[in-house]
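> got a predicted structure plus its sequence, pasted below:
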2 protein chains.
Amino acid sequence: MIDNYNALLKPGEEELNERLEAAHSKIFAQQMQMKEKGLPVIVLFEGWGAAGKGSALGRVIRTLDPRFFTAVSMHDPSEDEKRKPFLCRYFTQIPEAGRFLFMDSGWMTEVTHDVLMDRIDRKVYRERVSSVRRFERGLTDNGYLVLKFFLQISRKEQKKRLDALLDSKDTAWQVGECDLWENKHYDKCEEVFDMFLEDTSTSTSPWYIVDAKSKKWAELQILETMTAGIDMALKNQTLTVPLIQNTFPLIPMPKLKDVPLDVTIDIDDYHKELKELQERLHELHNQAYRRRIPIIIAYEGWDAAGKGGNIKRLTAALDPRGYEVIPIASPKPHEKSRHFLWRFWTRLPKTGHFAIFDRTWYGRVMVERLEGFCTENEWQRAYNEINEFEKELYDWGAVIVKFWVHIDSDTQLARFTDRQNTPEKQWKITDEDWRNREKWDLYEGAVNEMLAKTSTTYAPWHILQSNDKHYARVQALRIVTEALEKALEK
Amino acid sequence: MIDNYNALLKPGEEELNERLEAAHSKIFAQQMQMKEKGLPVIVLFEGWGAAGKGSALGRVIRTLDPRFFTAVSMHDPSEDEKRKPFLCRYFTQIPEAGRFLFMDSGWMTEVTHDVLMDRIDRKVYRERVSSVRRFERGLTDNGYLVLKFFLQISRKEQKKRLDALLDSKDTAWQVGECDLWENKHYDKCEEVFDMFLEDTSTSTSPWYIVDAKSKKWAELQILETMTAGIDMALKNQTLTVPLIQNTFPLIPMPKLKDVPLDVTIDIDDYHKELKELQERLHELHNQAYRRRIPIIIAYEGWDAAGKGGNIKRLTAALDPRGYEVIPIASPKPHEKSRHFLWRFWTRLPKTGHFAIFDRTWYGRVMVERLEGFCTENEWQRAYNEINEFEKELYDWGAVIVKFWVHIDSDTQLARFTDRQNTPEKQWKITDEDWRNREKWDLYEGAVNEMLAKTSTTYAPWHILQSNDKHYARVQALRIVTEALEKALEK
């Protein structure tokens, strides 16, 4: 039962004003500490229509420095947003370290309205709740403070406010169909809101029910909860997060050393098969486009394994308006100061499109792990975070194919030497490549662990045997084609 | 779906042995660090019958120093345990800081068997799950590491093991009715186990599903999860825990200063009413005893407010075999090194009995708060922890009455002075009383906050107006009598 837990604690006017002033001074000071310590804070305002979400937001931010926060108002998803995974429009908004993001309505409104309007059934609702819990845990595990407020008013109070707004031409526009519907079906709404609040209140991102009858008192409850939360988050910044056991179905993967690399293809067969597969893929992409199935191809592999050439043979089959190749380099400062998956969430394809990632989010468990760009706890956690990320993409309907383009060490040496000695290929080889080569064994260990822990049934890894590049290209095209065929059969 | 998530990761024999040795060395070193840093660790083994819980426990502890751990095997609750709240027999076992507690079966077995045997319905199941989640969070919030293992074997493997055990007279006794039933109804059991695992897996105390087909491999999974968990917990010891908003129904309480203290009772009326109320209470206690209703009376109040005399008038009405007065002083070392509620869990009455606490668990938010015996985060958290504790008692069926025995500062001074000047009363007054008196205003603030935040509908506070001790005694008896009458009406 949603209840005004805080209604009883409301202080007298004098104390209220004193505490408000104190809370505003406190939060003003805290924003500087947040900046200094790089703490990102997400504040979500949810609640009944006319409960005063917008006004509460306005009151809370009035002491803050506008350089340190962004406030967004989330409405029903746009047509473009509907062509992305459910959580995408929230994930892409997350703030940089040291900044506030305020959200007027968010994932709660979206999910509960979908339930109330019968747009999703029980099963999808449960999936959404799982997604939300993972989303929030992914944020808090990675150092975000997530504060969630539900502004509570009674049916009577809501009615009174809506009537008052409707009474004047200047304010009547603020009342939506949805607000009136809510008031009319208050009990039903309360039941759904309650269920969602209970299902998504966790110890790391609990809900706060705000008694929103008085604006000032609501403001105080929010500010005091925020300042207490920020204090705590500032203290807990060195937190090591418990690792969660994988619960996604995995496919057994061979160790790299056990993958035979002496497979080859006859050059005539290559040209023939390549042509056939490309034509088939072209046709399948058209069908996928019409069916609005998004396709995500992830390429990882040894330096000089032939990723570039492999990708080229794939894109050659595709309509240029329907795909994008996304090269991933080391993160830019504005990317580094966010959740490590942010730069991938912002680069997802629209439904019906191909996104081909040339290097991927797996950098976390390879280069970032081995070069010490993230903590041990961070890369250990990443296997599960990545499986969860790909699960979101799968639930959205995406076909996900992941390639490890594999060669042996001798082949790499031969190709490096060839690049070094061939003027027009020299740009392809850098000192860093040679340095990475020295760590071959460490990388091999990390790759084996990655393949074992992230090859899920819904986003499997495929090892491309690329000592013979031609063989690997045909192999890649065949795997993508088959994955698409399977998806289109459904 | 319970799955052998770890089955795929099983290493070869050589690696297995190496890692086992490393893990044993590691945990041996960690027990010293645990001791030093005062980290308590609870390890719960659950799983299928014949999955090897006992043997896994034996293997895991073989490197540990026996002074640093306790291992208990939990069976079905005894008759005595059934007269305590569901969680009591688990809570009372929690280890001291720096020690391990290993449990062979526990709250999961109890709850899931109750479901499978149709001993509890859906509603009670949900209550149990809430209790378990609160119990575990209460432990982890207070610095306990809680590691939960579910040992998974397939139906076929279980059958094979049970048959092998039954084959020999020496081992047949190890197979219980329950194991055979489980194997016969494997699917149904799996469904219930799955539900419980999902319902109680949280980010602070997640479940680990152990592939228990091979004993050595099971041992390694458990040891490596334990060592990783202990490492993390040792790092996180300075953790500040997020405060959870109260969600229990509260009763509005007046501020102490607004409670009139000039109420009195005529001495003849006093004797008459006292006698009537005591007779009535005696009769009600008999009924409560027969109905097995436990009664918990908590006394807090100002020094010299008259707690002792008040309690005496209450106990005078009771059969001495059916009540206990429990005086609470500052915690002993073995109490201090456990969860602050442990010493109250261990002192709960049996059903049908009265437990009268002379000072209580509310010390946390009064003396411990004001004297700095606990951190700010700890006492702030305690309001909710206490509400949760009392909710467990209430769900168990207890009648809970809490008294704040109230006097004003002048009356206290008069009584202190009287005690000081009367030889036979001098033992009742100490320097500490005078020191506490100086902090009257601080205490008053803390008491007001306590009354506002912990007077729940199921465990309400009553302010006894005790400037006139006689008045307060009759008041107390009346309140207890009415509470019992209400409970007996149900």
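Received, thanks.
> only C-alpha atoms from now on, for both contacts and neighbour counts.
Noted.
> what helix or strand does the residue of the stretch 51-200 of chain A found nearest chain B sit in?
The nearest approach of the stretch 51-200 of chain A to chain B comes at A:R137, 8.2 Å away (Cα to the nearest Cα). Assigned by DSSP states H and E, A:R137 falls within helix A:122-141.
> do A:D231 as well
Per DSSP H and E, A:D231 falls inside helix A:215-235.
> flag every buried residue along that helix.
Using 16 or more other Cα atoms under 10 Å in any protein chain shown as the test for burial, helix A:215-235 gives A:215-227, A:229-234.
> which element is A:Y471 on?
Following DSSP H and E, the helix or strand that holds A:Y471 is helix A:469-489.
> which parts of that helix are buried?
For helix A:469-489, burial by neighbour count (16+ other Cα under 10 Å) applies to A:469-481, A:484-485.
> count the neighbours of the residue of the stretch 51-200 of chain A closest to chain B for me.
Residues within reach of A:R137, counting by other Cα atoms under 10 Å in any protein chain shown, total 20.
> ok, the one 10 residues further on next?
A:L147 is flanked by 21 other residues according to other Cα under 10 Å.
> what about it, distance to B:R415?
Taking Cα to Cα, to the nearest Å as the measure, A:L147 falls 50 Å from B:R415.
> near chain B too, which of the buried residues of helix A:469-489?
Counting by Cα under 8 Å from any Cα of the partner chain, nothing from the buried residues of helix A:469-489 sits close to chain B.
> out of these, who's nearest B:L348?
Distances from B:L348 to the buried residues of helix A:469-489, taken as Cα to Cα, are shortest for A:L484 (63.8 Å).
> ok, that closest one - contacts?
Going by Cα atoms under 8 Å, 6 or more residues apart in numbering or on different chains, A:L484 touches A:284-285, A:288, A:399.
> what are the boundaries of the helices in the stretch 1-150 of chain A?
Ranges of helices in the stretch 1-150 of chain A, per DSSP state H, counting those that start in this stretch, are A:13-37, A:53-60, A:79-82, A:88-91, A:107-116, A:122-141.
> I'd like these laid out as JSON lines, including mean pLDDT.
Formatted as JSON lines, the helices of the stretch 1-150 of chain A follow (pLDDT from 0 to 100):
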{"stretch": "helix A:13-37", "mean pLDDT": "95"}
{"stretch": "helix A:53-60", "mean pLDDT": "92"}
{"stretch": "helix A:79-82", "mean pLDDT": "88"}
{"stretch": "helix A:88-91", "mean pLDDT": "95"}
{"stretch": "helix A:107-116", "mean pLDDT": "96"}
{"stretch": "helix A:122-141", "mean pLDDT": "93"}
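> so which of those gets nearest A:D179?
Checking the helices of the stretch 1-150 of chain A against A:D179 by Cα to Cα gives helix A:107-116 as the closest, at 11.4 Å.
> which of the contacts of A:L484 ranks first by neighbour count?
Each of the contacts of A:L484 was scored for neighbours by other Cα under 10 Å, and A:H285 scores highest at 27 neighbours.
> for it, pull up the helix or strand it's in.
Element membership for A:H285, per DSSP H and E: helix A:267-291.
> and that helix, average pLDDT?
Mean pLDDT, helix A:267-291: 96.
> helix A:469-489 and the helix or strand just after that helix, what's the angle between them?
Counting by DSSP H and E, the next helix or strand C-terminal to helix A:267-291 is strand A:295-301. In terms of direction (axes from the mean of the first three to the mean of the last three Cα atoms, to 10 degrees), strand A:295-301 departs from helix A:469-489 by 150 degrees.
> and strand A:295-301, how far from the chain's centre?
How far strand A:295-301 lies from its chain's middle: 17 Å, per Cα atoms, centre = their mean, to the nearest Å.
> neighbours of the residue nearest to A:D199 when sequence neighbours are not counted, how many?
Nearest residue to A:D199, sequence neighbours excluded (Cα to Cα, 6 or more residues apart in numbering or on different chains): A:V129, at 6.9 Å. Close neighbours of A:V129, defined as other Cα under 10 Å, add up to 18.
> and for A:A164?
Using other Cα under 10 Å, A:A164 has 12 neighbouring residues.
> which element, helix or strand, includes it?
Secondary structure assigned from DSSP H and E places A:A164 in helix A:155-167.
> for A:F357, helix, strand, or coil?
Here A:F357 is strand, with the state taken from DSSP: H, G, I helix; E, B strand; the rest coil.
> number of nearby residues for it?
Neighbour count for A:F357, taken as other Cα under 10 Å: 22.
> A:R62 now?
By other Cα under 10 Å, the residues close to A:R62 number 11.
> tell me how far it lies from A:A56.
For A:R62 relative to A:A56 (Cα to Cα), the value is 10 Å.
> how about A:A22?
Computed as Cα to Cα, the A:A22 to A:A56 distance reads 17 Å.
> and the two? Which one has more around it.
Taking neighbours as other Cα under 10 Å, A:A22 and A:A56 compare with A:A56 leading, 22 against 15.
> so A:V210 sits in a strand?
Yes. Counting by three-state DSSP, A:V210 is found in a strand.
> that one bridge partners, please.
Beta-bridge partners recorded for A:V210 (DSSP bridges): A:L151.
> those strands in the stretch 301-450 of chain A, which residues are they?
Applying DSSP state E, counting those that start in this stretch to the stretch 301-450 of chain A gives strands spanning A:323-327, A:354-358, A:399-406.
> can you put those strands in a markdown table and add distance to A:L277?
Formatted as a markdown table, these follow (distance: least, Cα to Cα, whole Å):
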| stretch | distance to A:L277 |
| --- | --- |
| strand A:323-327 | 17 |
| strand A:354-358 | 17 |
| strand A:399-406 | 16 |
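> can you list those in TSV and add distance to chain B and mean pLDDT?
Listed next are the strands of the stretch 301-450 of chain A as TSV, based on distance: least, Cα to the nearest Cα, whole Å; pLDDT from 0 to 100:
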stretch	distance to chain B	mean pLDDT
strand A:323-327	32	94
strand A:354-358	28	96
strand A:399-406	19	98
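> A:V124 is nearest to which of those?
That would be strand A:399-406 among the strands of the stretch 301-450 of chain A, by Cα to Cα, at 19.2 Å.
> remind me what that closest one packs against, helices and strands.
Secondary-structure packing of strand A:399-406 (3 or more Cα pairs under 8 Å, 6 or more residues apart in numbering or on different chains; DSSP states H and E): strand A:295-301, strand A:461-465, helix A:469-489.
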